[in-house]
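*Asks:* give the three-dimensional model of this entry:
(2 chains)
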Amino acid sequence: MSANASLSYVQPALRTHGLEKEYGHGAGLVRALDAVELEVASGETLAVMGPSGCGKSTLLHLLGGLERPSAGEVWLAGRRIDQLSERALARLRRHAIGFVFQAFHLMDELTAVENVELPALLAGRSPHPARRRALELLERVGLTDRAEHLPSALSGGERQRVAIARALSNEPLVVLADEPTGNLDSAATLDVLRLLDSLRATGQTLLIVTHDARIAATADRLISMRDGTFVEQTRLTRGTTRQLGELAGLEG
Amino acid sequence: MGRVLLISRLAGRDLRRRPIEAALLLLAIMGATTTLTLGLVLHGVISKPYQSTREATAGPDVVATAAATPPRYGGWPADLAGLEAMAQAPGVIGHSGPYPVTQAKLGANGRTVTAHVEGRDIAPASIDQPKLTQGNWVRDGGVVVEAAFADALGIGAGDSITLTGLDRESGEPVASRNARSYQVVGVAVTAAIPPYPEVPCFGGFCLAEAGLVWLTRADVQSLAPKARSLSYVSNLKLADPDGAQAFVAKYDPPRQNTAAAASASGPEPPFLEPWQDISEASANLVRNQRRALLTGGWLLGVLAVASIAVLVGGRMADQIRRVGLLKAVGGTPSLVAAVLLAEYVAVALLAAAAGLAVGWLTAPLLTDPSAGLLGRAGAPPLTLSTVGLVVAVALGVAALATIVPAIRAARTSTVLALADSARPPRRTAWLIALSARLPVPLLLGMRVVARRPRRVVLATVSITVTVSGIVAALSAHAGIPDGASVLDPSRADRLNQVLLVITITLLALAAVNTIFITWATALDARHASALARALGATPQQISAGLSAAQVLPALAGAILGIAGGIALIEAVDPDPVIAPLWQLLAVVPGTVLAVAGLTAIPARLGARRPVAEILASERA
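*Replies:* Residues are numbered from 1 along each chain as shown, chains lettered A, B, ... in the order given. Next comes the predicted model:
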């Protein structure tokens, strides 16, 4: 399939048009993204792969409103978001977007459950419902018994599962995951992989930026990036998933 | 030599790398050293011009005064025989007088005040010949006014005044036949009494808020209601001027306890006053200023330490990383500590030198005793002890600032230091739990507070010290009689000036502290803030949270500061007057509003840093 070709869906959760991002000026100018066209359907899991510095994380930040594009458009659930104010973007993130980072980015001084309930509190929910929801999510990621532990007392895999639970706190429209297994060992990677797969099964829209072919294999679609542009898109089937899994050495 | 050069280079480069922080540190220490210097040297401001006045006027070593007793206490005339005997006492090598003295109401420029009027010969005296700063010496119908008194009354040579003799018994002016107009022929200074508005006493008879004027002997006698009511003053020169206090101790007899008892035994023997006491009384002119400055100096010292602790704390993460680098390339913990110490010592020494210079040059401006003593005060000499104390305080601050990072530098492993994980945030569970029930800005603010409790303590201390100083200054101001006399304005003005200078300096340093703390907090919380924004907090909520993190300790500090200020004024003032209740109550919202205003800009800047950049560059 040709680069920059878009796939049409009835109701795209995310869409970009001519998306560009540049850093620096003059001789130091770096084009991180170049005319990216993208559509992610509601309920779809999309994996973006590519070498370091190809613009994967920048794309994720632009889609989540953490950075503003140099040119182009970003649409979320039919609403253009690249021109929104910082306040409006924050509100949008609060309810529509969940982030999962490679470095977990948990608050060191908060316990697992306090980390998970934080987005709900920021959204103005009362403490009791927020705590109840956080405990439910921790149960879902298999960390009920670790709810009162600080991140420093958790393993890497457990921290990332807490981060995933936190991303789901406000039932977001889209979860954006940036190298979710980048800091994990094989066992922890498998735990996260299963968790992401279960999210996909529930119809959660997921966009995963990854180096890890095993993670990419769980997606509905795979986009390869190089030098700020999409160079290839592949629609994955179970067979393809299996093939990619085998290529990556993943059993089963 | 190579090691010293290396340390100097590393320290110098770090200071140049952060010039604003270095300048702020310099200002913080300088604020403290300047005020401390002012307080310490102010006492010397008076003593030097007193000496020059004493030399220029052939000032007496001992002033002997004898007063007539009022009729109801026996009506004894002044003990002239006693004064004559004193002039002949062993150790006395010369004298002038006795000169007659009476009391009068003085009218000038529409005001009426009390004055001691001393009768002088037209010919100059060998001892205590007042030095003219304007005009000529006394003549019949012409009055010479003591310089500080003339300054307070706003009169000079060529003006006219009226004098009305006072009956000591009633304290009321006697019949108007004694009222008379005199031309001011001169203005002069003397070392025989402390300058106005210090209370002069003649023969144990003191008149509060009275000044001194000189007339001819004949004019004084015509002013006095009766010849028997005159007091007399003699000025004695001793063979050993330094032994004046011992001379007085030897010849000044024990006094009767009551005027009635005194009246039964005859005239009161002469009162003796050594020149050292007069010099000390002259220094009383600046006693309150000195007290205020010394207290302010210590308060500013505490604030300076708080500023430095905040600055050092803010730099800690950066310094620990730098320590890691130094250690990684072979630097020993002692080298690292020496580099840190060299940085702070360089700034502290510069601040001490600047503080000494500014304090030394400013002191005379605050007390300008030129009207009452000869010549301007000029810059007093800096004593070795003053220099030593100021430098010691500055170096102490530098040492304190070095100790914590130096110890951490020695203890932190190189890998950990390079990984920038040496300062994890604290967890204050009850604050985190409490904050979950609050609106988002307060939730964020409380959690910022919970991360760095020591910084909150510093912020609280800073505000407490400032508010204590403000409350003490307000109370000291309230203790100044408002328009109670015409004598006080110059001294009250000077005290008000000192209080204003201290208050402004305290406010400036506290403002700098608040901005330091907010900025350090914003930097320290940048990862947490960026994460909160990624999770849906708006920049406004983040900035309000950072402000709230400063306002909460400010509120506590303001309340503690009111109690601290009252305790302070009661500790330093023998006759404390507390500021009005409305002023005390206004301090709390005033402080909170000021802190909210001061934190707004750094908090806003801190909340606007790009989220993706912070999250991409920092570890969780």
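*Asks:* may I ask which helix or strand of chain B has the lowest mean pLDDT?
*Replies:* One helix or strand of chain B scores below all others by mean pLDDT, DSSP states H and E: helix B:259-265, with a mean of 56.
*Asks:* show me how chain B divides into domains.
*Replies:* B:1-56+B:276-421, B:68-267, B:424-620 (automatic domain parsing).
*Asks:* among those domains, which comes closest to A:Leu76?
*Replies:* Of all these, domain B:424-620 sits nearest to A:Leu76, with 14.0 Å by CB to CB. Heads up, the C-betas are built off the backbone N, CA and C, glycines and all.
*Asks:* what is the mean pLDDT for that closest one?
*Replies:* Averaging pLDDT along domain B:424-620 gives 83.
*Asks:* distance from that domain to the middle of the chain?
*Replies:* Distance of domain B:424-620 from the chain centroid (CA atoms, centre = their mean, to the nearest Å) equals 24 Å.
*Asks:* show me where the chain has its strands.
*Replies:* Picked chain A for this. A:12-23, A:30-41, A:45-49, A:71-76, A:79-80, A:97-100, A:174-178, A:205-210, A:221-226, A:229-235 (DSSP state E).
*Asks:* right idea, wrong chain: chain B
*Replies:* With DSSP E as the criterion, chain B has strands spanning B:62-66, B:92-108, B:111-120, B:131-135, B:142-146, B:160-165, B:180-189, B:201-202, B:205-206, B:210-216, B:231-238, B:271-274.
*Asks:* up against chain A, what does chain B have?
*Replies:* B:424-427, B:432, B:436-437, B:440, B:443, B:447, B:450-451, B:527-528, B:531-541, B:610-612, B:615-616, B:619-620 (CB under 8 Å from any CB of the partner chain).
*Asks:* can you say which of those residues are buried?
*Replies:* Buried by 16 or more other CB atoms under 10 Å in any protein chain shown: B:425, B:427, B:432, B:436, B:440, B:443, B:447, B:450-451, B:527-528, B:531-539, B:541, B:611-612, B:615-616, B:620, out of the residues of chain B next to chain A.
*Asks:* mind listing which of these are in helices?
*Replies:* B:432, B:440, B:443, B:447, B:450-451, B:527-528, B:531-534, B:539, B:541, B:611-612, B:615-616 (DSSP state H).
*Asks:* how close does the residue of the stretch 1-150 of chain A found nearest chain B sit to A:Leu63?
*Replies:* Closest residue of the stretch 1-150 of chain A to chain B, CB to the nearest CB: A:Arg94 (2.7 Å). As judged by CB to CB, to the nearest Å, A:Arg94 and A:Leu63 stand 16 Å apart.
*Asks:* pLDDT score assigned to the residue minimising distance to the centre of chain B?
*Replies:* With distances taken as CA atoms, centre = their mean, B:Leu293 lies nearest the centre of chain B, 1.8 Å away. We have a pLDDT of 70 for B:Leu293.
*Asks:* so it sits against B:Gly39, correct?
*Replies:* Yes: judged on CB atoms under 8 Å, B:Leu293 makes contact with B:Gly39 at a distance of 3.6 Å.
*Asks:* nearest to chain A: which residue in chain B?
*Replies:* B:Gly536 (2.7 Å).
*Asks:* follow-up on the earlier one: wait, which of the domains of chain B is closest to A:Glu22?
*Replies:* domain B:424-620 (14.5 Å).
*Asks:* OK, contacts around the closest residue to A:Asp82 other than its chain neighbours?
*Replies:* Nearest non-adjacent residue to A:Asp82, counting by CB to CB, 6 or more residues apart in numbering or on different chains: A:Val74, 4.3 Å away. Applying CB atoms under 8 Å, 6 or more residues apart in numbering or on different chains, we find A:Val74 in contact with A:14-16, A:19, A:62-63, A:65, A:80-82.
*Asks:* okay if I get these as JSON lines plus pLDDT?
*Replies:* Formatted as JSON lines, these follow (pLDDT from 0 to 100):
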{"residue": "A:Leu14", "pLDDT": "93"}
{"residue": "A:Arg15", "pLDDT": "93"}
{"residue": "A:Thr16", "pLDDT": "94"}
{"residue": "A:Leu19", "pLDDT": "94"}
{"residue": "A:Leu62", "pLDDT": "93"}
{"residue": "A:Leu63", "pLDDT": "93"}
{"residue": "A:Gly65", "pLDDT": "89"}
{"residue": "A:Arg80", "pLDDT": "93"}
{"residue": "A:Ile81", "pLDDT": "93"}
{"residue": "A:Asp82", "pLDDT": "92"}
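*Asks:* and those residues, which two are furthest apart?
*Replies:* The widest separation within the contacts of A:Val74 (CB to CB) is 14.0 Å, between A:Arg15 and A:Gly65.
*Asks:* could you check which of these two is surrounded by more residues?
*Replies:* In this view A:Arg15 and A:Gly65 are compared by other CB atoms under 10 Å in any protein chain shown, and A:Gly65 has more residues nearby, 24 against 21.
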